[in-house]
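Q: how would this look folded up:
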Amino acid sequence: MTAKGKRRSERLLARMSRLAQEKSNLQLVNNLMCSLGGIAGLDNIVDRMLHLLSDHVGGHNIALYYALENTTFYADVYGEKHVVEKIDDEMVRQAFETGLPVEETRAFEETGMLTREFTRASYCALPLKIRDHLIGVIKMDGMLLAGAQVRTDLRGFFDYVALVLQHEIDSRSHLRDTYEQLSRAHLALREEMRVRQREQQYLAAVLDTIDAGIIACDSHGRITLFNRKAAELYHGLPVSPQLELWADRTPHFRADGRTLLTFAELPLFRALRGDSVENVEMTLVHPEHAPVAVVASGQQVRDQAGRAIGAVVALQDVTERQRLEIQLRLAQKLEAVGQLASGIAHEINTPTQFVSDNLQFLNESFATVRGLLGRWREEVQSLPPDPRIAELTARMTSDEQESDLEMIEENVGAAFTDAFEGVNRIKVIVAAMREFAHPAKRHKAACDVNHALSNTLTIARNEYKYIADVVQEYGDVPPVTAFANDLNQVFLNLFINAAHAIEDSVRDTRRRGVITVKTSRVGGRVRIEISDTGSGIPESVRERIFDPFFTTKEVGRGSGQGLAIARAIVVERHGGDLTFESEVGKGTTFRIDLPIVDAAAAPAVGPDGEPDEMIGAESAPETADERHDMAA
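A: Down below sits the predicted model:
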């Protein structure tokens, strides 16, 4: 072979060797890229890349410096990772500043490697760039291969690593931006929720402060609002959020408390339907609580577009107002009746006095005539015998026998006695009526309880005289501070109730009941006990007998207000107590405890500031007729 042919052959062999080397490098780069391609996550990619380089280029350390969110991070093949405050490695710092590879070859003894097969070791700081954008720097220490050769052989892999790192860094930055946006949105949403919650709490507090029951529902009839007052009126929250189910389980009645409202008549449903609901009177009846009288008003709720989205009603508790109205009407009625009774009593008083005076005159005159008749009989019997006188005497005796004069003489006295008792009874009743109907005072005054009870019994006698006897056991009790007319009303209500209870018990029998009235002093109070031998109060209704409108009597016999008013007078107006004990089949005892008046500390005074007379005590006669009555 000629020299020329030999040179050509060498060039071909060299070229084939280079091609084989390039193919081998390409295969290596492809394998490295494939090994790195399936890794997800920046930290995992960095770890995998460092270990791949360490396996293929050797060296005693492979490290990566990369920037993320304006912070430089360090990671090496041994797993060390940290934030770099300042880059101390001069080669790495220079590569970051220039963007160019920095290589260095050191003597073997300077490398710290144990092998002695090579005398030199290569160090290289290789920038990872995409065009002119620097991603990071790979620092390879103590390589047996030259840095330039590594760069050349693995250039494609380094470019791929730069792309992968940039993608992960961008993804992380994008995730960070997205996370920050979500965080800001989350914080804004939480703040909005807090604002809305505060607004809802404030609205709920405002609604709970309103002294009216507020109930609202949506367009599907689901209850969405039930404030504190509504829960008080219904004695609890709705048993079901559905309006129809709640209405079925919560009876609503008309104002009379007896007629049940249908679902279509309920104010909330009517408002939801679009009806005008204004001042609808209802009664809420609960099996374990007193009935509640309410007035309901409501309307349909519409949004800004005019679409119906629900309804709302307001329930105003008018139980107390109705009780006060009834008390006022009763007081007005009693005042009118009292004025009428006082006038009638005064009018009865004068003719009664005429009758009394005439009876007295007739009684005295009859006594005179009777005495005169006796003396005549004696004179006639003392006359000497004479036929004419005997005939006259016989005729007079006959006339006396025919006129039954002896019987008249014997019974006229008893008749006058009965008449005087009847007249005195009229006087007692008239006096009791005038005192009972005495105009109410505007202030409390000392009141003689025993006298007030006795007068009230006189007034109520017609209620019990045919069915019961009254036993009065009055103790030596001091006066109490009271509105006397109010106490009279309480006593009258209790006496009438006792009479009705006995009447129910003795009906269709010949038995008579007993009403017992006792007074005594218990500590600083006067106790009044009014007992009857009626049928007693059933256990099932004892908790409700003081409720307004509650009554066990038939229609027309009781309004259900008597005991409610009595308790209000005793407890609220006088600071006392009204309790009862009852046994079915044996009777009931009502017990009233009233504070005793402290005459020394709080003397009773009239409206003019002068000392007032004790209610129930004897007073000076005010008219000539009254003076005449007392004289009689």
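
Q: And the strands in the stretch 501-632 of the chain?
A: 513-522, 525-532, 577-583, 587-595 (DSSP state E, counting those that start in this stretch).

Q: Return the helix or strand in the protein with minimum mean pLDDT.
A: Lowest mean confidence among the helices and strands of the chain (mean pLDDT, DSSP states H and E): helix 624-631, at a mean of 35.

Q: thinking again about what came up before, please convert the strands of the stretch 501-632 of the chain to a markdown table, extending it with mean neighbour count.
A: No exception for glycine: its C-beta is placed from N, CA and C like everyone else's. Output for the strands of the stretch 501-632 of the chain, formatted as a markdown table (neighbours: other Cβ atoms under 10 Å):
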| stretch | mean neighbour count |
| --- | --- |
| strand 513-522 | 18 |
| strand 525-532 | 22 |
| strand 577-583 | 15 |
| strand 587-595 | 21 |
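
Q: What's the local residue count around the residue nearest to Ser356 when sequence neighbours are not counted?
A: Sequence neighbours aside, Val423 is the residue nearest to Ser356 in space, at 4.7 Å (criterion: Cβ to Cβ, 6 or more residues apart in numbering). Residues lying near Val423 (other Cβ atoms under 10 Å) number 18.

Q: Tell me, how many residues neighbour Asp170?
A: Asp170 has 10 nearby residues by other Cβ under 10 Å.

Q: for Leu268, same thing?
A: Neighbours of Leu268 (other Cβ under 10 Å): 25.

Q: Equivalent analysis for His235, please.
A: 14.

Q: what sits against it?
A: Going by Cβ atoms under 8 Å, 6 or more residues apart in numbering, His235 touches His286, Glu288, His289.

Q: Roughly how far does the last one sit from Ser54?
A: What it means is His289. 85 Å (Cβ to Cβ, to the nearest Å).

Q: got it, and the first one?
A: In this structure, His286 lies at 84 Å from Ser54, with Cβ to Cβ as the measure.

Q: the more surrounded of those two?
A: Counted by other Cβ under 10 Å, His286 and Ser54 do not tie: Ser54 has more neighbours, with 17 against 14.

Q: helix or strand right after the strand or helix carrying the residue nearest to Ser356?
A: Assigned by DSSP states H and E, Val423 belongs to helix 405-436. With elements assigned by DSSP H and E, the helix or strand that comes after helix 405-436 is strand 445-447.

Q: what is the mean pLDDT for that following strand?
A: Mean per-residue pLDDT for strand 445-447: 85.

Q: And stretch 411-428, by the same measure?
A: For stretch 411-428, the mean confidence score works out to 76.

Q: And it, what's buried?
A: By neighbour count, with 16 or more other Cβ atoms under 10 Å as the criterion, the buried positions of stretch 411-428 are Val412, Phe416, Ala419, Val423, Ile426, Lys427.

Q: got a list of what the residue lying closest to the first one once chain neighbours are set aside touches?
A: Spelled out, it's Val412. Nearest residue to Val412, sequence neighbours excluded (Cβ to Cβ, 6+ apart): Phe366, at 5.6 Å. Listed by Cβ under 8 Å, 6+ apart, the contact partners of Phe366 are Val412, Gly413, Phe416.

Q: now do Ala482
A: Applying Cβ under 8 Å, 6+ apart, the residues near Ala482 are Lys444, Ala445, Cys447, His574, Leu594, Ile615.

Q: Closest to Ile528 out of those?
A: Leu594 (7.3 Å; Cβ to Cβ).

Q: Who are the contact partners of the closest one?
A: So Leu594 contacts Val449, Val480, Ala482, Leu487, Arg525, Val526, Ile528, Val570, His574, Gly576 (Cβ under 8 Å, 6+ apart).

Q: Please verify my assumption that the second one contacts Val449.
A: Yes - contact status for Val480 versus Val449: in contact at 6.0 Å, counting by Cβ atoms under 8 Å.

Q: Now list whatever residues contact both of the two.
A: Val526, Leu594.

Q: Give me the neighbour count for the residue lying closest to Leu126 once chain neighbours are set aside.
A: Spatial nearest neighbour of Leu126, excluding adjacent residues (Cβ to Cβ, 6+ apart): Ile138 at 4.7 Å. If you count neighbours by other Cβ under 10 Å, Ile138 ends up with 24.

Q: Report whether Ile138 is found in a helix, as I expect.
A: No - Ile138: not assigned to a helix; according to DSSP: H, G, I helix; E, B strand; the rest coil it is strand.

Q: Begin at 42 from now on, thanks
A: Sure thing, new numbering starts at 42, so read that last one as Ile179.

Q: Distance of it relative to Val124?
A: Distance, Ile179 to Val124, by Cβ to Cβ: 18 Å.

Q: returning to that earlier point: could the contacts of Phe407 be laid out in TSV, adding distance to Thr43?
A: Output for the contacts of Phe407, formatted as TSV (distance: Cβ to Cβ, whole Å):
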residue	distance to Thr43
Val453	196
Gly454	194
Phe457	191
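
Q: Show me which of the residues you listed is closest to Val202.
A: Out of the contacts of Phe407, the member with the shortest distance to Val202 (by Cβ to Cβ) is Phe457, at 143.2 Å.

Q: number of nearby residues for Trp525?
A: Just so we're on the same page, residue 525 is Ala rather than Trp. Ala525, neighbours per other Cβ under 10 Å, totals 25.

Q: Does it touch Val490 like I think?
A: No - counting by Cβ under 8 Å, Ala525 does not reach Val490; the two are 9.6 Å apart.

Q: Distance to Pro142 added to the contacts of Ala523, as TSV?
A: Converted to TSV, the contacts of Ala523 look like this (distance: Cβ to Cβ, whole Å):
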residue	distance to Pro142
Lys485	112
Ala486	117
Cys488	118
His615	108
Leu635	112
Ile656	121
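
Q: Adding distance to Ala81, write the buried residues of stretch 452-469 out as CSV.
A: Shown next, in CSV, are these (distance: Cβ to Cβ, whole Å):
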residue, distance to Ala81
Val453, 135
Phe457, 131
Ala460, 126
Val464, 122
Ile467, 117
Lys468, 117
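
Q: Tell me which two of those sit farthest apart.
A: Using Cβ to Cβ, the two most remote members of the buried residues of stretch 452-469 are Val453 and Lys468, lying 22.4 Å apart.

Q: sorry, back to before: point out the ones among the contacts of Leu635 that are inside helices.
A: Val490, Leu528 (DSSP state H).

Q: With respect to Leu248, which of the contacts of Leu635 is nearest?
A: Nearest member of these to Leu248, counting by Cβ to Cβ, is Val611, at 36.6 Å.

Q: and the closest one, what does it touch?
A: Val611 neighbours (Cβ under 8 Å, 6+ apart): Val531, Gly617, Asp618, Leu619, Ile633, Leu635.

Q: Do you know the pLDDT at it?
A: Val611 is given a pLDDT of 90.

Q: And what about the spatially most central residue of the chain, helix, strand or coil?
A: The chain has Glu273 as the residue nearest its centroid, 3.7 Å off, counting by Cα atoms, centre = their mean. Following three-state DSSP, the label given to Glu273 is helix.

Q: Quick check: Ala271 touching Ile256?
A: Yes - with contact defined as Cβ under 8 Å, Ala271 counts as touching Ile256 (5.3 Å).

Q: shared neighbours of the two, which are they?
A: What both Ala271 and Ile256 touch, as defined by Cβ under 8 Å, 6+ apart, is the set Leu356.
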